[in-house]
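>>> can you look at this prediction? I've put the sequence above it.
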Amino acid sequence: MSDVINLRRERKRRKSLEDAKVADANRRLYGRTKGQKAAETLEKQRMQALLDGRRLSPGAPSDESEKP
């Protein structure tokens, strides 16, 4: 004779295994440590500051505006 299986529990177990696989895939794709996020934020801020430092002031005349 075979064992009796509760179908509701088996469905929940299978769904749990599938959800675990999806979660693992998402961790591999999107997961970053707190240090990695902080380093990326600092790098973005540094690049923005560098870009802002090289920006021309809005009142500065440009070559195109002087041409007739």
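Cool, the structure landed.
>>> show me which helix runs longest in this structure.
Using DSSP state H, we find that the single longest helix of the chain is helix 7-30.
>>> can you give the distance of that one from its chain's centre?
22 Å (CA atoms, centre = their mean, to the nearest Å).
>>> could you check how far Leu29 is from Gln45?
25 Å (CB to CB, to the nearest Å). Every C-beta, even on glycine, is put in place using the N, C-alpha and C of the backbone.
>>> out of those two, which sits in the busier spot?
Taking neighbours as other CB atoms under 10 Å, Leu29 and Gln45 compare with Gln45 leading, 10 against 7.
>>> what helix or strand does Asp52 sit in?
Counting by DSSP states H and E, the element that carries Asp52 is helix 34-53.
>>> run through who's touching that helix.
Arg32 (CB atoms under 8 Å, 6 or more residues apart in numbering).
>>> now that helix: mean pLDDT?
Summarised as a single mean, pLDDT over helix 34-53 is 92.
>>> and Ala20, how many neighbours?
Count around Ala20 with other CB under 10 Å applied: 10.
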